[in-house]
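A.B. asks: sequence and predicted structure below; questions after.
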Amino acid sequence: MRPFKYQTASTVKDAVSAASNSEGSKFIAGGTNLVDLMKEDVERPAALIDVSRIDLRQVRSEGDSVVIGAMAKNTDTANHPLVRMNFPLLSQAIFAGASAQIRNMATNGGNLMQRTRCVYFYDTSMPCNKREKGSGCAAKEGLNRMHAIFGWSDGCVAVHPSDMCVALAALDAVVSVEGPGGKTRAIPFSEFHRLPGNDPSRDNTLENGDLITSISIPKNKFAGNSYYLKVRDRASYAFALVSVAAALEIAGGKVKDVRIALGGVAHKPWRAKKGRGVSERKSCDK
Amino acid sequence: MTDHFEDLHDAEGLTADEEKLLDELGLEGESRRRFLGQVGAAGFSVFALQLIAEREAHAAGEVPLEPAAERLPLENAVKVAFKVNGEQRSVTVDSRTTLLDTLRERLDLTGSKKGCDHGQCGACTVIADGRRVLSCLTLAAACEGKDVTTIEGLAKGETLHPMQDAFVKYDAFQCGYCTPGQICSAVALLDEAKRGEASYVTETTGNRPAKLSDDDIRERMSGNICRCGAYPNILKAIKEVHKGEETAATWNFAKPGLLDKEVDDETV
């Protein structure tokens, strides 16, 4: 691992200004992906700003939404009564990912920021446009059975590895971000991650110094009729070959709303919107 | 001080190589003695500074740095104080140091094992603030104020933790390398179940203590890999502690005299 300066931030403002004043710095919270990438020499931050102690750990009800803090651990989020009750789909998706140890360490903000597990991204002796611009894509003709089916480009066929994000995409979550100068933004989940296009090095639409502060999920009527299905090479602790977050709102024996999001198939959680028109308004036997 | 070192050198005498070196440097008589004195004083002052620094650190309850011979300047030193197995510890580490390396290399707690060092095997599992975590992916610098329990901290004196007893009873290991991680993970798992935490297999337990099925224990232990494949016995051990009902052991260590008796029987 390369040397780096380490500092802790106790407020969002401190963290953002530290990041703006320190070139090549990165935020670290749980560290489950970043520390590993640093060991592999894929990530080479000159400084780490530890944001895990910032008081953004609450899960709370706010108006018509449930707001989950960026620094809340994945485990605490999945077990929180508000999440279990309102969004069992999200609980299920979180529990489908990683191992108990990793979910205990990983934060919600970090889950969104985790990087692809494409083997060529990790292997610094191989070409990878995401790791090194213009070096090429070894996965396109290589080991790619777990790679993108939708939305890929000639430069990159990597997929986003998160399970949690697939559920958040299906639930139309909104990501709150604070950037330099205290500027805050609310990014709809479908616009948070991006497709590789001509610049696979960018996984999402955050700018330098932006810090995720919370994720807001509008309350809905999917709770009784949702499921997260994950298909993988072993029964547990493996990334998805494909996964599906599906949710139905049923009223009076008719489908009122449908949400389907797919995981492990694209550079971002993939919303299957065509499914909606077909299934909605169909009657169903519950 | 100079005289003291001169005396020392004179008393010990010089080797043939040292004599040759001084001759080559053209040092004779008084200049030779002066040179030896300077070398001795310089060496002593470096040694003394290290000694004083170590004594001060020791008095403050800190863990001394590595032995002088291996010492390199720390480029990004971070001082961190945390509890390990109930004892307050304080170490100064390079910012790159993981909790696992700190436990093993600095605190002499080598029970936690380095398997893959990438968070894939679970051999390094420890319990931090009541939660099982991977010490290989935790930076020591991030542990300020935390309360860490390792495999060394589970037993009470000579009395093993019930989970340790169960692992012995059910022969829940072969080579034993993954065992400290398996046991720490299993201990924390049962606390999670008591708190009513769910899993991918038991979707909701409504915050009531979860009764774990075999599949649920397997799911919740999936972060701990055992290359010997002792999984069936690991499952049995965890099940017994989870249920709190002891079942009779199917095997026991031979007691002194037992083997002799069997040999006698055979020879009769």
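C.D. replies: Good, I have the coordinates. Numbering: from 1, shown residues only, chains lettered A, B, ... in the order given.
A.B. asks: quick one: contacts for A:A9?
C.D. replies: A:A9 sits next to A:15, A:18, A:49-51, A:53-54 when contact means Cβ atoms under 8 Å, 6 or more residues apart in numbering or on different chains. To be clear about C-beta, it is placed using only N, CA and C from the backbone, and glycine gets the same treatment.
A.B. asks: hmm, I typed the wrong one, I wanted A:V244.
C.D. replies: A:V244 sits in contact with A:166, A:227-229, A:260-263, where contact means Cβ under 8 Å, 6+ apart.
A.B. asks: ChimeraX command to pick out the buried ones of the residues you listed?
C.D. replies: A single ChimeraX command suffices to select whichever of the contacts of A:V244 are buried according to 16 or more other Cβ atoms under 10 Å in any protein chain shown:
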select /A:166,228,260,261,262,263
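A.B. asks: closest to B:H118 among the contacts of A:V244?
C.D. replies: The shortest separation between B:H118 and any of the contacts of A:V244 is 22.3 Å, and it belongs to A:G263 (by Cβ to Cβ).
A.B. asks: verify the stated contact: that closest one with A:F239.
C.D. replies: No: here A:G263 does not reach A:F239: they are 9.2 Å apart, not a contact under Cβ atoms under 8 Å.
A.B. asks: coming back round to it: out of the contacts of A:A9, who has the most neighbours?
C.D. replies: Neighbours here mean other Cβ atoms under 10 Å in any protein chain shown. Within the contacts of A:A9, the largest count is held by A:V51, at 28 neighbours.
A.B. asks: report pLDDT for it.
C.D. replies: Looking at A:V51, its pLDDT reads 98.
A.B. asks: same check, this time on the one 3 residues further on
C.D. replies: The model reports A:I54 with a pLDDT of 98.
A.B. asks: and it, what helix or strand is that in?
C.D. replies: A:I54 is located outside every helix and strand, with elements delineated by DSSP states H and E.
A.B. asks: contacting residues for it?
C.D. replies: Going by Cβ under 8 Å, 6+ apart, A:I54 touches A:9-12, A:15, A:71.
A.B. asks: look up how far A:D14 lies from it.
C.D. replies: The gap separating A:I54 from A:D14 is 8 Å, by Cβ to Cβ, to the nearest Å.
A.B. asks: ok, B:T97 next?
C.D. replies: From B:T97 across to A:D14, the span is 24 Å (Cβ to Cβ).
A.B. asks: just want to know which of the two has more residues nearby.
C.D. replies: Under the neighbour definition other Cβ under 10 Å, B:T97 and A:D14 were set side by side, and B:T97 has more, 21 against 15.
A.B. asks: wait, A:W152 touches A:V265, no?
C.D. replies: No: when contacts are counted by Cβ under 8 Å, A:W152 is not listed as touching A:V265 (9.6 Å).
A.B. asks: spit out the contact partners of the residue in chain B that chain A sits nearest to.
C.D. replies: Distances between chain B and chain A by Cβ to the nearest Cβ are smallest at B:G223, namely 2.6 Å. Taking Cβ under 8 Å, 6+ apart as the contact definition, B:G223 lies against A:98-102, A:237, B:122, B:125, B:134, B:185.
A.B. asks: switch to 10 Å and redo it
C.D. replies: Applying Cβ atoms under 10 Å, 6 or more residues apart in numbering or on different chains to B:G223 gives the contacts A:98-104, A:236-237, B:119-122, B:125, B:132, B:134, B:181-182, B:185, B:189.
A.B. asks: same question for B:K79.
C.D. replies: Taking Cβ under 10 Å, 6+ apart as the criterion, B:K79 is in contact with B:62, B:90-93, B:141, B:144.
A.B. asks: likewise for B:D117?
C.D. replies: Residues in contact with B:D117, defined by Cβ under 10 Å, 6+ apart, are A:36, A:39, B:98, B:100-101, B:123-124, B:134, B:136-137.
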